[in-house]
Structures are given as structure tokens and as C-alpha cells.
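Asks: Fold the following for me, if possible:
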Amino acid sequence: MIYRTFRGGVHPPESKDPTVDKSIKRAPLPEMVAIPLLQHTGAPCKSLVKAGDKVKRGQLIGKSDKFISSAIHASISGTVAKIEKYSHPVLGSINAVIINSDGKDEPDPSIKDTEGVAKLSAEELRGIIRDAGIVGLGGAAFPAHVKLTPPAGKIIDSVILNGAECEPYLTCDHHLMLEKGAQIIEGVRIILKLTNASNVYIGIESNKMGAAFLMEKILRDARDKIHNARIIALKTKYPQGAEKQLIKSITKREVPPRGLPLDVGCLVVNVGTAYAIYEAVFGGKPLYERAITISGNCVKEPLNLLVRIGTPVKALLDLCGGFTEDPAKMIFGGPMMGLTQFTLDLPIIKGTSGIVFLSKKGLAEYKETSCIRCAKCVDVCPMRLIPTDMIRLVKRGEYYGASEYSIEDCMECGACAYICPSKIPILQWINIGKAEV
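Replies: As a prediction, this is how the structure comes out:
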């Protein structure tokens, strides 16, 4: 079998074995949740509740009148304790709604199964997706209703379902395909109605062929409902799951510099997002929980979990049996593009795909040496940039020159720093340059 791929990239140790056979387990109801009012790309929400209010699971508690934003819902039933600044895994801290559970987990009575889904217009479907607060669950957390509203003149002919999950350790998307494949395909059907796309590609890396075969069977059974859908086997390589690289691997189209997938007629949707769309449209369910992976070389029992948004990390550790040794690093996301964190009080947010704990012996410590001009960073850069020259200019403070080398097009995947034999923190220098530019 020929596996499709793109130019560049690296293949770090996959480290998926600890959870590759672990089905998604529902985490117990947390005693308290801290739900940030900004968990998405775009404008923050304003709280619709105040301290002392009683709330139900799925109740709308935060909203913005801006188009690029995403509604926030209560993930448990209980009492609003307070609204205050709280730790955030991306932003440092931001206003959050703190809810103490009443232990009943009562649903908002307004949440009901949607009737006559087949008769709903595209605008009605977008409204359901918007009101459910669905964002991209692959990490970027871009509001789904915005992504599914193409600008005038932009024609989408291809929908790409992203099942690559190329980050080491993470397997929650893999298990969503294994356990919720039929529902994911129903979510894709809704997306097709919104985009009028004529082609559907489901990209799955070669280390997940069990999921590929299962999704192929589901597609065959649904062939009368969804046409021109194909499973595309991808070479296991990082960052295969990045939008531009996925489009290149599958369609051979190249998104222009600083362009969007829409510019080449493509729309990329994560499998978790498609499943959330299915739940919202058919079951009226807002996005108040998501699947995540908790793994790492010092976690006693790594797991895939279905977790309520706002659950503090420390509330999940007992489920994993704690640690076999003290962790030296906690990463929200995968180890390649994830963000190192400093406290177990951090809440799970919509964009959290996993948490990786690494012990000191699992961390490689290197001493930086001089660049040897080997050009390995150039060879692996999936954006065809020249990292070594860009950081040379950044170190000199020549940011205009770095911009001429297209430093803004860096996707911050970290492949260059990973492969560098001199162990130069290339990505950190590039981030400094991008901020200055």
C-alpha cells in the first residue's frame, strides 16, 4: 500500500502504546468546575450568570454578540460559587465561572432531540452548531459555525476529515473513530449539506489502520447517503495532521503563503468536531465535554477519558492511579506542539486534546552548541522555510530581514528544533521573531 504524505516532517517516537487499546472511559462527575469565558479563537464571552445562581448541565452561561466567538455552557448542575480570574492553559488566566456540583447532574430542560433534521435548512443547522458552542477540537478551537460559513465567492469542493492524530502519546481521536465512527460520518453529512462539497476524504495515518478499515466499512454501509467519500491512508509522520500538510498529502493542492484552506477549495474538520456536530444537531447537546488522553512515562495507568469542560487536572489523576514517579513536566496537548504548564489546578478546556506527564528521566537535556550549517532544519520544515537563516536574523535584531524570509508562515510545529544536532532552540527564536514582526 502506498501511503500519501508531504515534503518534510519528522517521525518522533509515537509513544501511543500505553493508551492505544484503552477505550474512552467516562470520568466521574467533578465536585467543582472552572469554566473559562474564553476557550476559542475570537472574542471572549460575557457571563450570563452570577454568584449564587443555580445552573443545569448544558445551560448557556456565557455568550458574545461577536460573530467570531463561541457560546459557553455549564458542564455540571450546581451553584455558581463565583466569577473570577482563574488559571488558563493558554492565556495564563482569564475570567471563569466557578460552579460547585450538586451531585445531581440535572440537564437543562431546554435540551431536546432535534426533530426533522433532514428538513432543516443550512442556516438552521449553522444556528444549532453556533448555539451549541462547537469549536475545532483538534487544538485550534476556531468556532465551527464560522468555519462552516464560507465567504461569498469561496467554493468548497472537498471536505477533509482529519483522523491523523500525529502527536505522540495522544489516541483519543483514534478511539473516537473506533467507537463513534457511524456518528462521525453523520456529522460529515451535515457538513456536506452546509458546504455543498462534492468530495469527502478521510485522512488516517498508517498506524491506525484498524480505524481506517472500520471507517471504510461504515462508509460502504452509508454509500447511498454519502457519495464520493474515500479513506486516504497517510504515512505516519509529524505534522501530518496540520491542515496545510493534510491538504497537500491528500489533494496535492498547496495552500498559498498566509492563505487558508478555503483558498484551494478545501475544508478540514477534526473527527472530534464532526462527532460534536452530530451530537448537537441530532441530540441538541452543547459542547460541555470532550475526549482527552492522559498519558506519559510517569503515569501509572494512562487513559482515554470523556471529561467535563472545566474539570481541574488534579481531579483526574486518581483515575490514572497517580504517578509512578514525580513528574518533571506537564504538557497540555502533545509533546511537539503542546504547552508546558505549572499547576494541577488548570481546567480542561474545549481545545484540550490531552495531557502528557513526563518524568525527569524522560526528558532529554542537551547543551546548545554552534550551528554546523547541516540544513537538517531546512529538510524537515513542512512549510519550506529556512529556519537557520531566520534565527540568524532574529538574533541580530534584523526582523525586517526575517520577514522577508517569511517567518510569519512558520506553523510552530517544532520539527526544526527536534531534528537539530546542535540542539539550538530554533522554535523559541522564531517565536521571538514572529512577535517582533
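Asks: how much space is there between the residue lying closest to residue 42 once chain neighbours are set aside and residue 434?
Replies: Nearest residue to residue 42, sequence neighbours excluded (CB to CB, 6 or more residues apart in numbering): residue 68, at 3.6 Å. Where C-beta positions appear, they are placed from N, C-alpha and C, glycine not excepted. Residue 68 sits 21 Å away from residue 434, going by CB to CB, to the nearest Å.
Asks: the more surrounded of the two?
Replies: residue 434 (18 against 13; other CB atoms under 10 Å).
Asks: Please verify my assumption that the more buried one contacts residue 407.
Replies: Yes - counting by CB atoms under 8 Å, residue 434 does reach residue 407; the two are 5.8 Å apart.
Asks: What's opposite residue 96 in the beta bridge?
Replies: Residue 96 has the following beta-bridge partners by DSSP bridges: residue 36, residue 84.
Asks: Now do the contacts for it.
Replies: 34-37, 83-86, 88, 310, 347 (CB atoms under 8 Å, 6 or more residues apart in numbering).
Asks: Recalculate using a threshold of 7 Å.
Replies: Contacts for residue 96 were tallied using CB atoms under 7 Å, 6 or more residues apart in numbering; they are 34-37, 86.
Asks: Could you point out which of those is nearest to residue 104?
Replies: The closest of those to residue 104 turns out to be residue 35 (CB to CB; 17.8 Å).
Asks: That closest one contacts residue 312, correct?
Replies: No - judged on CB atoms under 7 Å, residue 35 makes no contact with residue 312 at a distance of 11.2 Å.
Asks: So which residues of the chain form helices?
Replies: 17-20, 122-131, 144-147, 172-195, 209-221, 243-251, 271-283, 376-380, 387-395, 399-404, 415-419, 426-436 (DSSP state H).
Asks: Out of those helices, which gets nearest to residue 364?
Replies: Across the helices of the chain, closest to residue 364 is helix 415-419 (CB to CB), at 10.3 Å.
Asks: Mind checking the pLDDT average for that closest one?
Replies: Taken as a whole, helix 415-419 carries a mean pLDDT of 95.
Asks: Would you confirm that residue 374 contacts residue 421?
Replies: Yes - contact criterion CB under 7 Å: residue 374 and residue 421 qualify, at 6.4 Å.
Asks: want to throw the helices of the chain into TSV with distance to residue 261?
Replies: What follows is the helices of the chain, written out as TSV (distance: least, CB to CB, whole Å):
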stretch	distance to residue 261
helix 17-20	29
helix 122-131	18
helix 144-147	9
helix 172-195	12
helix 209-221	21
helix 243-251	6
helix 271-283	14
helix 376-380	22
helix 387-395	24
helix 399-404	24
helix 415-419	20
helix 426-436	21
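Asks: looking at those, which is closest to residue 236?
Replies: Of those, nearest to residue 236 by CB to CB is helix 209-221, at 10.2 Å.
Asks: Helix 271-283 and that closest one, what's the angle between them?
Replies: 40 degrees (axes from the mean of the first three to the mean of the last three CA atoms, to 10 degrees).
Asks: buried stuff in helix 209-221?
Replies: The neighbour-count check on helix 209-221 (16 or more other CB atoms under 10 Å) flags 211-212, 214-216, 218-219 as buried.
Asks: who's in contact with residue 9?
Replies: Residue 9 neighbours (CB under 7 Å, 6+ apart): 237-240, 380, 382, 415.
Asks: Then residue 348?
Replies: Residue 348 neighbours (CB under 7 Å, 6+ apart): 292, 307, 309-311.
Asks: Ok, residue 164 next?
Replies: Neighbour list for residue 164: 203-205, 234, 240-241, 246 [criterion: CB under 7 Å, 6+ apart].
Asks: hang on, residue 319 packs against residue 26?
Replies: No - with contacts counted by CB under 7 Å, residue 319 stays clear of residue 26, the gap being 10.2 Å.
Asks: So for those two, which sits in the more crowded spot?
Replies: residue 319 (15 against 11).
Asks: Look up how far residue 331 lies from that one.
Replies: Distance from residue 319 to residue 331, by CB to CB: 18 Å.
Asks: Over to residue 18?
Replies: According to CB to CB, residue 18 stands 15 Å off from residue 331.
Asks: thinking again about what came up before, top of the contacts of residue 96 by number of neighbours, please.
Replies: Neighbour-wise, the contacts of residue 96 (other CB under 10 Å) top out at residue 35, 31 neighbours.
Asks: and the nearest residue to that residue once chain neighbours are set aside, how many neighbours does it have?
Replies: Among residues not flanking residue 35 along the chain, residue 310 sits closest, at 3.9 Å (CB to CB, 6+ apart). Residue 310: 26 surrounding residues under other CB under 10 Å.
Asks: Spell out which residues sit in contact with residue 310, please.
Replies: Listed by CB under 7 Å, 6+ apart, the contact partners of residue 310 are 33-35, 75, 347-348.
Asks: could you dump those residues to TSV with pLDDT and distance to residue 158?
Replies: Formatted as TSV, the contacts of residue 310 follow (pLDDT from 0 to 100; distance: CB to CB, whole Å):
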residue	pLDDT	distance to residue 158
33	98	38
34	98	39
35	98	35
75	98	34
347	97	36
348	97	32
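Asks: Narrow those to those in strands?
Replies: 33-35 (DSSP state E).
Asks: wait, which of those residues is closest to residue 98?
Replies: For these, the nearest to residue 98 is residue 34 (5.3 Å; CB to CB).
Asks: can I assume that closest one is in contact with residue 86?
Replies: Yes - counting by CB under 7 Å, residue 34 does reach residue 86; the two are 4.7 Å apart.
Asks: any common contacting residues for the two?
Replies: 96, 98.
Asks: now for the contacts of residue 9, which pair is the farthest apart?
Replies: Between any two of the contacts of residue 9 (CB to CB), the greatest distance is 12.9 Å, for 240 and 380.
Asks: Looking at the two, which is more packed in?
Replies: Using other CB under 10 Å as the criterion, residue 240 and residue 380 rank with residue 240 on top: 27 against 21.
Asks: got the contact list for the more buried one?
Replies: By CB under 7 Å, 6+ apart, the neighbours of residue 240 are 9, 164, 166, 205, 234, 246, 249.
Asks: Kindly recompute the last result at 8 Å.
Replies: With CB under 8 Å, 6+ apart, residue 240 has these contacts: 5-6, 9, 164, 166, 203, 205, 234, 246, 249.
Asks: Who wins on neighbours among these?
Replies: residue 164 (30 neighbours).
Asks: any idea of the pLDDT on the spatially closest residue to it that is not a sequence neighbour?
Replies: Closest residue to residue 164 apart from its sequence neighbours, by CB to CB, 6+ apart: residue 241 at 3.5 Å. Looking at residue 241, its pLDDT reads 95.
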